[in-house]
Each structure stands twice: as C-alpha cells, then as structure tokens.
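Student: quick one, fold the following:
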Amino acid sequence: MHPQLVTACGHLRNGVVMRWLLAALVLVDFSSASWADDSGGHHHDGGGNSSGPLPGFNQVRTTRGSFEVWLSDQANTVGLSLNSPTGTHGGKVRIYDSADLLRPQPLNNPIVLDATLDLFPNALQTTNSHTTRLHGIMPSPDFEYMALNFVSSGHLGIVHGPSKQPVCLFRSTGTSTGRQNHMSFWTPNGNHIVVGNQNGRMLERVDVIRHTSGAVKEFVFNASSSLDFVGGLGRVTAQPIAVTMDTSNGIGCRVEGTVPDNQTILTPANRPKQAPGIRPLNSVICPIPSSSGKHVFSTLGGGGMFVVDVSASPMAIVAEYDLSIMNAAGCGGIETQGYMHMDTGTSGAGVSEFSVYRFGVDYPLAPNFLLPNSPLPIAVWQDPDNGKLLPGNNRDAHGMVVIDDELHVFDRVRNTGDIFHMHEPWNILESHDSYDLTESQACGTTLGATTSNDPTPDLGDASPEGDTIFVALRGPFPLTVSHAAAGSCPGLGIIVRDPITREWQLAHVLPSTVLDFSGSLNLSDPHAVIVRRNGAAAVPGPLPLLGLGMGLTWSRRLRKRQQTRARQTQA
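Tutor: Numbering: from 1, shown residues only. Here you go, the predicted model:
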C-alpha cells in the first residue's frame, strides 16, 4: 500500500486549496551527499539540510536531491547463525537519493540503516522484544518524521527524516490474540498517528504534541483512546510501552493512561463487532485516514470495515460494514477528489481476489453513528476471476498510487498495474487499462529464486512530479503473505511512462540483498516504498498520505502550465 502504504488526499476547498497548491510547488535542492554500503552499516560525508534541524539532531545522513525514496525490507539482518540461518530480527531501511534515481541509468546507491544495529539497538532491553519484520514506513505530513512499522513485534519507531536519527520507540498493546503493528498512518493535520494493531485486533493512537511554534514537543501513546475491535473481559494482557531514544533532542516519548479491558463486544448499532458471517476476523489491516483527519477507514482481515472517529477519546465506531459489502484483506486506500478508494486482495492460498471500492467521506462524529452497511459504496469494481481457483494465475490487489486522474492498483500475482480513471460519473468504477510489469524484462532473478522475471509489486508511491512510480518488489522468500508475494527480483522497481506510446512500464530494478547464514540465498523481502520530500517547507499544512492525490495533481498541472508559458515567452 502509503504504502501507504499502506493513502489519503484532500477534498480541497476554499483557502486550503491555495495553501496546498502553493506549498506543493516548492522544490528544494541539496548539495550534500550521503551513501551507504549494503552490509548494515551507514556511511556519510556530512552536509547541511535547509529544512533546519532541531536541537540535538546531528546532520550526517542527508541527501542532495529534492526527494528521497524509503524502502522497507522485512528480512532479518541480525541473529544469523547455523541454528538460525535466516536470522531472528532486524530489517533494513534503504533510502535512495532522487539525484541518483532520476539519472538515465539510476544508481543503486542507497543509505542503508539496520533497524536494530543503527536505529533501535536497545529494543529488547526497553520493550521486551527486538524490532522484527519492518513492514512499512510512513512520512509525517511535513516529511519531518518517519513512522516505521514492525508487524511481527508490534513496534512503532519514529525517525527524524532529515538526519535519519531515531526519536521514539513504541510497542503496541498486547491482547489475548496478539500484539502487532501491521501499518500506521498519520492524520493529514499531523496531530495523530493511527496504529493498526493487527493480531491485537485493536486500533490505537499516538498523539503529536507541539510547541506554539509548531515544532514537535512530544509523541504520546494515548492508551485510553485505544479501541478494541473484539471486546470482552481478559482481552488486554500488556499495556503499551514508550521509549525516548535520545534525550538531547528535546522531544519526549511517553504513554498516557491505560488501555481499558472489557470493552463492549457490540457496535453502536448493537451488533457484534466480530461474529461469523458478519466480520469473522477483525485483525486490523490498514486504517486509512480521511482528508479531514477526523475519520479512519479500517479494513479487516476477515472482511468488512469500520469507519472510526479518530478524533474522539476513546476512538469510536461511527459506521460498520460486514463481509457482504467488503471482502477480506484490503490494504490499499486513497482519498482523491472527495472520494475514498479502497481495494481488497487475496486472503489465502488459492483465493483470487481483486476488488476496488469507492466510498463517500461524509460520516458523523461520535456519539452519532450510522446504521449497518450505510451508506453503501458509491461504486464497486470486481474482477471476473474473483473466487476462482487459478493456480499460479490468481489475482491479488494490493496498494494504490494516484497519478493525475489515474488510480493505479497493483496485482502481486499477475504482475500488473490496473488503471482506473478518476472522473465523472463517480457512480461507475471501471478498469480502463492495464500494464504488464514483465514485458520490459527488467526483472531478472536472484540467489535462491526458482523463477525469473517475476516482479511481484507491493506498496508504492509516486514521484512529486507524478512521472515516475516507485514500488517495492518482493523476494523469493517472502516473510508475509507467502502464498501471493514470492518474487524473483527483490528491490526497488522504477515504473515510467513511455514518452511515445504513453504506456507504463517497469524500466529499472535496483536489486536489494540480504544473504542467509550460508551466503547462498537472498532473503531480501521489500514490502513498501514511500517518497519523502526534502525540506520542511515542501508541503506544509493538512496533507494527503501515501500517494499524493488531488493536491499534487493540481500542483503538477499548475507547474506544467507555468513551464509551458515560460517556453512560449522565450520563443
């Protein structure tokens, strides 16, 4: 999914429109360069950052281009041994400089940070668990902070974007069904981080407390706001944990309150939150915030969805959908042009599933709520092969990217990108085009892979100009969703539009490598990509998430018009 991918952008109105558009036109250039090898350590040659560091942040890992691409690699990087040949924990963050990526032949020259060795070395001592399975990364609306999500261990790590230094480490609530952080999302106003505690079956919230100047003062895990999607006695087994990684930067990290046990088992409409035939498995997949910052659309592992008032304390369900309306395992969501778009993909081996839904965004605030399954989706598109058993050729929708008025939805199994046009009539949703990522033959193979030219695209994001899509390509030994996510060329995929045919194609693959203990298998398993703009002034104010949507669409159009007028004037 933004990532997203885990992906919301605004229903723009009045003065907010101009603020977004003017802000999105800002381009920042940097002269300092940083680089790293792929051994888990980092290298740098220093340099400044015009965004202005906070006190205590050492500027040593900056990049010189106008944006960066952050890639999360789930593979274990620590604990490799004869008895544990694939390792026990860790993970890699690969940060690519746009100055390297936008060359005719991109340079595979990322900063590489180990999630354990470089970022959170004290996780076991402070949270009783190592950070494990780096599933995705999300930027704050001003791109100053990055939220790192660890699906297996349930950690949420906050990293300062310009300096790449750790700020906070949180661990989600433990429950009778587990403790995870599948993905977290910032609300567009930057006031909250909403955490999808997947196996814990809870929605949780970190509040961002600021000084009057707007600078971050604290990240506070608001335990009393946590919403149990199951309910009942004995559910809460461990309270959340907060760790301040560096006391010198002036930012605090703490837990406030406690997560209440024995929350109600019923929705406000007096129906069971979780029950067979309604919502059989309420594992939180992706809680996608709306542009208002007041609601999140939370997809569920067994199907159905809750719309939650995230501004309430505690958070509260204001609309509910069951399995008959929304299928299982959705993890793609983008609000664009005033509508929330979501998808659902395969929920298990042999299940073919590719559906796209369009919802409105007009929902009440708690304590008000709507009747079950209302309002219905405005439009739904479902692939004709849904539900069929097609060995090796199933469908699996996962993640979304918006380019101008095109909604791109990737398929991890068939290696395609389906394009849905974003225009009237809004009550019709159709796949207008599809492109095959295998046609270019840019994807090869790697150590231990049994296939070749099998890109397996996962979560991606668009460049600020909207002319390039960056996407995570899965490896041959996937650590999540193994039934659909095995690929042959793990790394960063770069998708561009052919200037002549106007067709999208996978132009480049920048390989990633994490070797097992024997050195004979490539364990690298990239899951998500996100674009981070350099410079705190890049896009201030209330912002889209995980895909830049309507605000950036208009900014690109304005920029193109300005460039065209400049050329005409020169002529």
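
Student: from here on, just use CA atoms for contacts and neighbour counts.
Tutor: Fine.

Student: flag the shaky bits of the protein, pLDDT-wise.
Tutor: Filtered on pLDDT under 70, the chain yields the residue ranges 1-61, 536-571.

Student: strands paired with the host helix or strand of Val167, and their directions?
Tutor: Taking DSSP states H and E as the definition, Val167 sits inside strand 165-171. Using DSSP bridges, strand 165-171 pairs in its sheet with strand 155-160 (antiparallel), strand 241-244 (antiparallel).

Student: what element comes up after the last one heading to the C-terminus?
Tutor: The C-terminal neighbour of strand 241-244 among helices and strands, as given by DSSP H and E, is strand 252-256.

Student: which helices and strands sit right next to that following strand?
Tutor: strand 165-171, strand 216-222, strand 241-244 (3 or more C-alpha pairs under 8 Å, 6 or more residues apart in numbering; DSSP states H and E).

Student: okay, these in CSV with mean neighbour count next?
Tutor: As requested, those are arranged in CSV below (neighbours: other C-alpha atoms under 10 Å):
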stretch, mean neighbour count
strand 165-171, 25
strand 216-222, 22
strand 241-244, 21
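
Student: so which of the strands paired with strand 165-171 comes closest to Ala484?
Tutor: Of all the strands paired with strand 165-171, strand 155-160 sits nearest to Ala484, with 24.8 Å by C-alpha to C-alpha.

Student: pull out the buried positions in stretch 336-344.
Tutor: Thr336, Gln337, Gly338, Tyr339, Met340, His341, Met342, Asp343, Thr344 (16 or more other C-alpha atoms under 10 Å).

Student: strands of the stretch 301-450 of the chain, start to end?
Tutor: 305-309, 316-321, 333-336, 339-344, 355-359, 379-382, 397-403, 406-411, 416-421, 431-436 (DSSP state E, counting those that start in this stretch).

Student: deepest-packed of those, please.
Tutor: Among the strands of the stretch 301-450 of the chain, strand 333-336 has the highest mean neighbour count (mean count of other C-alpha atoms under 10 Å), at a mean of 33.

Student: thinking again about what came up before, could you export the strands paired with strand 165-171 as CSV, including distance to Cys168?
Tutor: Output for those, formatted as CSV (distance: least, C-alpha to C-alpha, whole Å):
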stretch, distance to Cys168
strand 155-160, 5
strand 241-244, 5
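
Student: identify whichever of the ones you listed lies nearest to Glu503.
Tutor: Nearest to Glu503, of all the strands paired with strand 165-171, is strand 155-160, at 36.7 Å by C-alpha to C-alpha.

Student: what's near enough to touch Gly475?
Tutor: Ala485, Ala486, Gly487, Ser488, Cys489, Pro490, Gly491, Asn522, Leu523, Ser524, Asp525, Pro526 (C-alpha atoms under 8 Å, 6 or more residues apart in numbering).

Student: can you tell me, leaving aside adjacent residues, what's nearest to the second one?
Tutor: Going back to what we said before, that points to Ala486. Pro476 (4.8 Å; C-alpha to C-alpha, 6 or more residues apart in numbering).

Student: any idea how far His508 is from Thr446?
Tutor: Noted for His508: a distance of 15 Å to Thr446, by C-alpha to C-alpha, to the nearest Å.

Student: which of those two has more neighbours?
Tutor: Just comparing His508 and Thr446: by other C-alpha atoms under 10 Å the higher neighbour count belongs to Thr446, 23 against 19.

Student: identify the residues contacting the more buried one.
Tutor: So Thr446 contacts Ser488, Cys489, Pro490, Asn522 (C-alpha under 8 Å, 6+ apart).

Student: ok, now with 6 Å
Tutor: Neighbouring residues of Thr446 by C-alpha atoms under 6 Å, 6 or more residues apart in numbering: Cys489.

Student: look up phi and psi at it.
Tutor: Note on Thr446: backbone dihedrals following degrees, to the nearest 10 are phi -150, psi 180.

Student: how close does it get to Val78?
Tutor: 21 Å.

Student: what's the answer for Ser292, then?
Tutor: In terms of C-alpha to C-alpha, Ser292 sits 41 Å off from Val78.

Student: neighbours of the residue nearest to Arg412 when sequence neighbours are not counted, how many?
Tutor: With C-alpha to C-alpha, 6+ apart as the criterion, Arg412 has its nearest non-adjacent residue at 4.6 Å, and that residue is Thr456. For Thr456, the tally of surrounding residues (other C-alpha under 10 Å) stands at 29.

Student: please apply the same query to Arg133.
Tutor: Counted with other C-alpha under 10 Å, Arg133 comes out at 30.

Student: what does Gly350 give?
Tutor: When neighbours are defined as other C-alpha under 10 Å, Gly350 has 18 of them.

Student: close enough to count as contact, it and Leu389?
Tutor: Yes: with contact defined as C-alpha atoms under 6 Å, Gly350 and Leu389 form a contacting pair (5.5 Å).

Student: which residues touch Thr299?
Tutor: Counted by C-alpha under 6 Å, 6+ apart, Thr299 has contacts Ile285, Cys286, Met305, Gly330.

Student: do Leu203 as well
Tutor: Counting by C-alpha under 6 Å, 6+ apart, the residues that Leu203 touches are Val195, Gly196, Asn197, Ser226, Leu227.

Student: can you list the strands that whichever helix or strand it is part of pairs with?
Tutor: For Leu203, the host element (DSSP H and E) is strand 202-210. With DSSP bridges as the test, strand 202-210 is paired with strand 192-197 (antiparallel), strand 216-222 (antiparallel), strand 227-228 (antiparallel).

Student: can you lay out the strands of the stretch 301-450 of the chain as TSV showing distance to Thr244?
Tutor: Converted to TSV, the strands of the stretch 301-450 of the chain look like this (distance: least, C-alpha to C-alpha, whole Å):
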stretch	distance to Thr244
strand 305-309	28
strand 316-321	29
strand 333-336	31
strand 339-344	35
strand 355-359	39
strand 379-382	44
strand 397-403	32
strand 406-411	37
strand 416-421	41
strand 431-436	45
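
Student: can you tell me which of those is nearest to Thr480?
Tutor: Thr480 lies closest, by C-alpha to C-alpha, to one member of these: strand 397-403, at 13.0 Å.

Student: so where do the helices sit in this structure?
Tutor: 14-24, 98-101, 123-127, 549-570 (DSSP state H).

Student: how about the third one: buried residues?
Tutor: So the one you mean is helix 123-127. The neighbour-count check on helix 123-127 (16+ other C-alpha under 10 Å) flags Ala123, Thr126, Thr127 as buried.

Student: swap in stretch 357-372?
Tutor: Neighbour-count burial for stretch 357-372 flags Tyr357, Arg358, Phe359, Val361, Tyr363, Pro364, Leu365, Ala366, Phe369, Leu370, Pro372 (criterion: 16+ other C-alpha under 10 Å).
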